[in-house]
Each structure stands twice: as structure tokens, then as C-alpha cells.
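>>> Any chance you could fold what I've pasted below:
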Amino acid sequence: MEIDEMAHLFRKSLPPAGNRIPFSSIVKMLSARGCVDEWMAGLFPSSRCFFLSSGTAALHVTLLSLKNHSHRNEVIIPAYTCPSLVTAITKAGLTAVACDLEKSGFGMDLSQVESLMGDATLAVIAVHLFGLTEKVHELKRLTRQRKVFLIEDAAQ
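Predicted coordinates:
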């Protein structure tokens, strides 16, 4: 089924604008017509795309994948963050390392991030908290220098 045909199917099958349509309903409708795989391939052209139940689950799977390709076992996170970050890290068999926040806001103190990164550092998780963005460009520079992965968490 072509993308244009799917768009026509949506217009024909879905309620008018203004009604809430759960994503699961869209997938069920496409499943009944046998076109979920084509629809997903159109939306996400990667062969490695799959859905998970939550951001915590996604982070957990990401960390497991990184862990399987490295001997490193520490993940630097902001000292003030959602507890589910620590859950994902520990369930992956890794160690969470808390980094103090800067005095003027909710971003991680970059000088402390740099001092915390060592031979055991696998990743740094940049958390965009309360709608305030973390200093990703600076963190990219620091993590690239040390060959450490940078993960952005924008779930908050």
C-alpha cells in the first residue's frame, strides 16, 4: 500500500479533527488491513526501529546496547533529576554518578562533568528539565574529547 493510499485510508476511517485518537487505535486499524509494516517503514526509514513502553525502557535498552560494546560502566547524570534515570542505569548493570548542578540554574556544572569523566565513564545523560535546555553543545565537545556517549533526555 502506497503512502497516498494510507493517507486516504486515514481520512476515510478516522473521526473528524478535535477527537482524541490513541496511537494504538491507528496501529490496530492498520493491522486489520495488513499495512503496519509499510506505514512504519514510511515513517521511520531505519531497519532498527521499534516501540517501547516508556522513556525509562528506551533508556534502559540504549544503555544495555552501549554496555555490550564497551568495558566502561559509569553514567554521569545531573544530581537533581527523575528517579527513573537511576532505575534504568542500575537495571542495565551500570553505576550512576551524580554531577552537581550549576549555581545559576538546572544545568550540570560543566567543570564537574569534566572532572567526573574518567576511564570508566560510558555515557553522560543531558536532561532537559522543566523545559530548560541543557548545554548540549558544550557537553558534546566534552564527551567527544573523551570518547564518551552523550544521551539527551527530553522526556521532562
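>>> Please list all residues in contact with residue 155.
Applying CB atoms under 8 Å, 6 or more residues apart in numbering, we find residue 155 in contact with 55, 82. For the C-beta atoms, the positions are set from N, CA and C on the backbone; glycine is no exception.
>>> switch the cut-off to 10 Å
When contacts are counted by CB atoms under 10 Å, 6 or more residues apart in numbering, residue 155 is found next to 54-56, 58-59, 82, 84-85, 127-129.
>>> Quick one: buried ones out of these?
Among those, those buried by neighbour count (16 or more other CB atoms under 10 Å) are 55-56, 58-59, 82, 84-85, 127-129.
>>> Would you convert these into CSV that also reports pLDDT?
Formatted as CSV, those follow (pLDDT from 0 to 100):
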residue, pLDDT
55, 86
56, 89
58, 89
59, 93
82, 86
84, 91
85, 92
127, 93
128, 90
129, 82
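>>> And these, which is closest to residue 31?
Set against residue 31, the nearest of those by CB to CB is residue 58 (22.4 Å).
>>> Look up how far residue 120 lies from residue 154.
26 Å (CB to CB, to the nearest Å).
>>> no, scratch that, I was asking about residue 42
42 Å.
>>> next one: residue 138
22 Å.
>>> Following element in sequence after the lengthiest strand in the chain, please.
In the chain, taking DSSP state E as the definition, the longest strand is strand 121-127. If you walk from strand 121-127 toward the C-terminus, the next helix or strand you reach (DSSP states H and E) is helix 136-146.
>>> What segments of this protein are helices?
3-13, 23-32, 36-43, 55-68, 83-91, 110-116, 136-146 (DSSP state H).
>>> now residue 57, nearest residue through space, not along the chain?
Counting by CB to CB, 6 or more residues apart in numbering, the nearest residue to residue 57 once its immediate chain neighbours are dropped is residue 88, at 7.9 Å.
>>> Done for today, thanks.
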